[in-house]
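1. heads up, no residue letters with this:
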């Protein structure tokens, strides 16, 4: 039995090694989180859990200077539901609340920007990116974000919005 996602909800695409930043003043005062991004037929979900991927798997998700639409091997809806329950900082964005999805270039980095209406009616935005370099001291944070083409993910998310 699923608690956080519905029984008829299926994983469309997933992406490991993603960093989430909150856009705006709130993002300035909060740290980035590393995890994985999952698109289902009803939600866009970010789970702040580190997943090990090999160089071969990295090519499967980020090959050719673009973010590819693929799924994590062996990752099921049941495991997703368990991970959301384990991590209270998980973010579930219903597709019905998404206002805009776009690829944004900031300096030499590109992000997937998702704007959505929160439960209190305000517009919130998150940037999702792939780190090129990471610092581990004093806390694990990205130093540089890769400039990848996010258009395949933008197209898939927009296809499920309508």
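-> All right, it came through fine. None of these values were measured; they are calculated from a predicted model.
2. Okay, now the unreliable bits of this protein?
-> Along the chain, the model assigns pLDDT under 70 to residues 27.
3. The same query, at a cut-off of 90, please.
-> 1-2, 24-32, 50-52, 55-57, 63-64, 107-108, 133, 137-141, 143, 162 (pLDDT under 90).
4. Name the residue most distant from the centre of it?
-> residue 1 (24.6 Å; Cα atoms, centre = their mean).
5. Endpoints of stretch 50-65, how far apart?
-> 22 Å (Cα to Cα, to the nearest Å).
6. repeat for stretch 104-113
-> OK, stretch 104-113 end separation, Cα to Cα: 6 Å.
7. Please renumber the chain so that the first residue is 899 from this point on.
-> Right, with 899 as the first residue, what we last looked at is stretch 1002-1011.
8. Counting neighbours, which bits of it end up buried?
-> 1007-1011 (16 or more other Cβ atoms under 10 Å). To be clear about C-beta, it is placed using only N, CA and C from the backbone, and glycine gets the same treatment.
9. From residue 961, how far off is residue 1054?
-> 17 Å (Cβ to Cβ, to the nearest Å).
10. quick one: the helices in this structure?
-> In the chain, the segments counted as helices under DSSP state H are 923-926, 953-960, 975-984, 1049-1059.
11. what's the spacing between the third one and its chain's center?
-> Shown here is helix 975-984, whose average C-alpha point lies 15 Å from the average C-alpha point of the whole chain (Cα atoms, centre = their mean, to the nearest Å).
12. Go ahead and flag the most central residue of the chain.
-> Geometric centre of the chain, nearest residue: residue 935, 3.2 Å, by Cα atoms, centre = their mean.
13. I'd assumed residue 946 was in contact with that one.
-> No: at 10.7 Å, residue 935 does not count as touching residue 946 under the criterion of Cβ atoms under 8 Å.
14. tally of neighbours for residue 1001?
-> Neighbourhood size, residue 1001 [other Cβ atoms under 10 Å]: 16.
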